[in-house]
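S.K.: Pasting a predicted model and its sequence here:
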Amino acid sequence: MSTGAAGTGAGGGGVVGTGMVGAAAESSATESSATESPAFDVEFSETWDKGATPRIAAVVSSYRRPDFLEGLLTALIEQSLPHDEYEVVIVDNGSGDTTWETLKDLVRHAPGRIAVTTLDQNRGPGGGRNHGFSFVRAPYVAITDDDCLPTPGWLAAMLATLESGSDVIQGQVHANPADRDVAGPWDHTKWITVPTPFFETCNVAYRTAAVAAVGGFDEKDSLTAQISGRAFGEDALLAWRVQEAGGKAMFAEDSLVYHRNIPANFRNWLDGQRNLVGFPGLGNRSPLVADWFWHRYFLARDTALFDLAAVSVAAAVVTRRPWLAAGALPWLRARWPDAKYRARGKQPLAVGRLAQLAVADGVSLASLVEGSIRHRRLLL
């Protein structure tokens, strides 16, 4: 084990921070903080230093999800690539719970080239990944999250696409099949089946040198550099900066990660809608995101339909012309299938779910209005 300032430690015979992204990311993180970088510990598997330079690395930053780590590490160990051809780095991002003890227990006798490390302070999701990058020796690095389960062919598919000449790769994400039958109406999971401008870290990969060239994740941006809590937009901005610098992006359909079902309630769902306050700012920072907005001034078609419904109902009430409320029909048609799905097809319950969706969409609209004012970009 080693303890030291980020990027300076070594242990188990390994050399920390020898990858091209390591020095750049950790240097950027140091410059972004007015205080000294958090200290860290690190442990390596017995085979970390055995063999040639790995062909690809997998990096995960984890925060207060110790119960997910065994399944995650098992999925990473069971990749179809030979163990000596890839490395795994898992970061305990200042969790302050049992995460670090769990990681140490898991790595002690794990096969493969694995490093686990803990920060004594949380650096936010981007900062945690930057710390993980400092251990990377491979020319390519794939990223997933601690609530995800990569399928066995994940790294092999990413590697093949990267070696074809790409600099940033987005892969598919599906809800974990094992969780689908037990998911509640407001539980959180993720589906990504087509390219998006967000390059979500549940399944993305980069040429290591391309990440190093832009300094890793930005830990200074007030919009994205959130300490603990739910991350917002740091993945989209890294991908944009790599492409702005000339990097080539691709979508790897055969690179699949399953996203766990995260239990949640309606209040949690509303909290997620409040997070939309940052989207106008994200559009200011990434032209890729701005181009994705629906007709420039709407976050998506669904938000435009709700805006029409809200204006129509308000006009009907103010003018006492009930027929104006017909403008809400497109929103009702669009939202009804979602309401039925969340009610598992039960019609009476679906009406209640529809009402909840109306409340959630109202919160979304209020958040977007607030964000439009804050970031001086109209987005509804």
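M.R.: Everything's here; your move. Please read all numbers here as calculations on a predicted model, not as lab measurements.
S.K.: Low-confidence stretches in the stretch 151-300 of the chain?
M.R.: Within the stretch 151-300 of the chain, the segments meeting pLDDT under 70 span 226-231.
S.K.: 80 - rerun?
M.R.: 225-231 (pLDDT under 80).
S.K.: now the strands: where do they sit in it?
M.R.: Remark: strands assigned in the stretch 151-300 of the chain by DSSP state E, counting those that start in this stretch are 168-175, 204-207, 249-259.
S.K.: Tell me which of those strands sits nearest to residue 47.
M.R.: Across the strands of the stretch 151-300 of the chain, residue 47 has its closest neighbour in strand 204-207 (22.7 Å, Cβ to Cβ). C-beta coordinates here come from the backbone N, C-alpha and C atoms, glycine included.
S.K.: Relative to residue 71, how far out is the closest residue to residue 193 other than its chain neighbours?
M.R.: The spatial neighbour of residue 193 that comes closest, neighbours along the chain excluded (Cβ to Cβ, 6 or more residues apart in numbering), is residue 172 at 5.8 Å. To residue 71, residue 172 is 19 Å away according to Cβ to Cβ, to the nearest Å.
S.K.: When those two are compared, which one has more neighbours?
M.R.: When residue 172 and residue 71 are compared for neighbours, residue 172 comes out ahead with 20 against 15, by other Cβ atoms under 10 Å.
S.K.: Correct me if wrong: that one contacts residue 196.
M.R.: No: applying Cβ atoms under 8 Å, one finds residue 172 not in contact with residue 196, separated by 11.1 Å.
S.K.: before we move on, the earlier item: dump the strands of the stretch 151-300 of the chain into a markdown table; add distance to residue 311 as well.
M.R.: Listed next are the strands of the stretch 151-300 of the chain as a markdown table, based on distance: least, Cβ to Cβ, whole Å:
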| stretch | distance to residue 311 |
| --- | --- |
| strand 168-175 | 34 |
| strand 204-207 | 38 |
| strand 249-259 | 35 |
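S.K.: Phi and psi next, for residue 73.
M.R.: phi -60, psi -40 (degrees, to the nearest 10).
S.K.: so who does it touch?
M.R.: 88, 90, 106-107, 110, 114 (Cβ atoms under 8 Å, 6 or more residues apart in numbering).
S.K.: Run the chain-centre distance for the one helix or strand residue 355 maps to.
M.R.: Per DSSP states H and E, residue 355 falls inside helix 347-375. Using Cα atoms, centre = their mean, to the nearest Å, the mean C-alpha position of helix 347-375 is found 23 Å from that of the whole chain.
S.K.: Now it: buried residues?
M.R.: Under the neighbour-count criterion of 16 or more other Cβ atoms under 10 Å, helix 347-375 has 350, 353-354, 356-358, 360-361, 363-365, 367-368, 371-372, 375 buried.
S.K.: Among these, which one sits closest to residue 244?
M.R.: Comparing the buried residues of helix 347-375 against residue 244 with Cβ to Cβ picks out residue 375 as the nearest, at 19.5 Å.
S.K.: Which pLDDT does the model give that closest one?
M.R.: pLDDT recorded at residue 375 is 96.
S.K.: related to what we said a few turns ago, which of the strands of the stretch 151-300 of the chain is buried the deepest?
M.R.: Of the strands of the stretch 151-300 of the chain, the one with the most neighbours on average (mean count of other Cβ atoms under 10 Å) is strand 204-207, at a mean of 27.
S.K.: partners of that one, with directions?
M.R.: Sheet partners assigned to strand 204-207 using DSSP bridges are listed as strand 140-143 (antiparallel), strand 168-175 (antiparallel).
S.K.: can you redo those as CSV with distance to residue 246?
M.R.: Below are the strands paired with strand 204-207 laid out as CSV (distance: least, Cβ to Cβ, whole Å):
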stretch, distance to residue 246
strand 140-143, 17
strand 168-175, 11
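S.K.: Among the ones you listed, which comes closest to residue 130?
M.R.: Nearest to residue 130, of the strands paired with strand 204-207 and by Cβ to Cβ, is strand 140-143 at 11.3 Å.
S.K.: just how off-centre is the helix or strand following that closest one within its chain?
M.R.: Following strand 140-143 in sequence order, the next helix or strand is strand 148-150 (DSSP H and E). How far strand 148-150 lies from its chain's middle: 12 Å, per Cα atoms, centre = their mean.
S.K.: what's next to strand 148-150, contact-wise?
M.R.: 58, 71-72, 75-76, 79, 144, 173, 176, 202-203, 256-260.
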